[in-house]
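Peer 1: sharing a model that was predicted from the sequence below.
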Amino acid sequence: MSDHNKQLVEHFINLSWNTGRFSLLRQIATPDFVYHTTFAEGFKNIDSFVEYVKQIRTSIVDLDVSIEEIMAEGDRVITISTFSGSFQKPLFGFPPNNKVIGFSAVSTWEIRRGRVCSQNTLVDLAGLQRQMAQDWGNGPVRAAG
């Protein structure tokens, strides 16, 4: 079961983030799929998640999500991934820089009856902000303290 769930999550990432094949994605996600991320409020269904992914894929047209590590036990899967691509249109308040950016993310996934029902993702925002600050000459990003 764990190997099947790993393959399902890999397929989900490929269909959504890497290829934008959303009709096929909807077949492997539950209609009430829930997505939480560091970047935005949670999404309560697969359609709102699809719109979110489309927004990111529009800004980073050559987006590639590489799974660095994947672990599974029962109906739970954990992935460690790297997102990378050329930042070509505004996103999350950042102006485009036409440079390749990359950031890491850790996601926990829940599988229900052979379909993905939730994903919770923590993004390395500090690493992404450091890249953005360096790209625009704003100096280092400092932690509040």
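Peer 2: Alright, I've got the coordinates.
Peer 1: hey, where'd the strands end up in the chain?
Peer 2: Counting by DSSP state E, one finds strands in the chain at the ranges 29-37, 64-73, 76-86, 100-112, 115-123.
Peer 1: in the chain, where is pLDDT below threshold?
Peer 2: Residue ranges of the chain with pLDDT under 70: 132-145.
Peer 1: could the strands of the chain be laid out in CSV, adding mean neighbour count?
Peer 2: Using the backbone N, CA and C atoms, a C-beta is placed for each residue, glycine as well. Below are those laid out as CSV (neighbours: other C-beta atoms under 10 Å):
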stretch, mean neighbour count
strand 29-37, 18
strand 64-73, 14
strand 76-86, 18
strand 100-112, 17
strand 115-123, 18
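Peer 1: would you reformat those strands as CSV and include distance to F43?
Peer 2: As requested, these are exported to CSV (distance: least, C-beta to C-beta, whole Å):
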stretch, distance to F43
strand 29-37, 4
strand 64-73, 17
strand 76-86, 17
strand 100-112, 14
strand 115-123, 9
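Peer 1: list just the one of the ones you listed that sits closest to K44.
Peer 2: Within the strands of the chain, the stretch nearest K44 is strand 29-37; the backing value is 5.9 Å (C-beta to C-beta).
Peer 1: and stretch 53-64, which residues are buried?
Peer 2: By neighbour count on 16 or more other C-beta atoms under 10 Å, the buried set for stretch 53-64 is V53, I56, R57, S59, I60, L63.
Peer 1: between those residues, which is nearest S118?
Peer 2: S118 lies nearest to V53 out of those, by C-beta to C-beta, at 15.4 Å.
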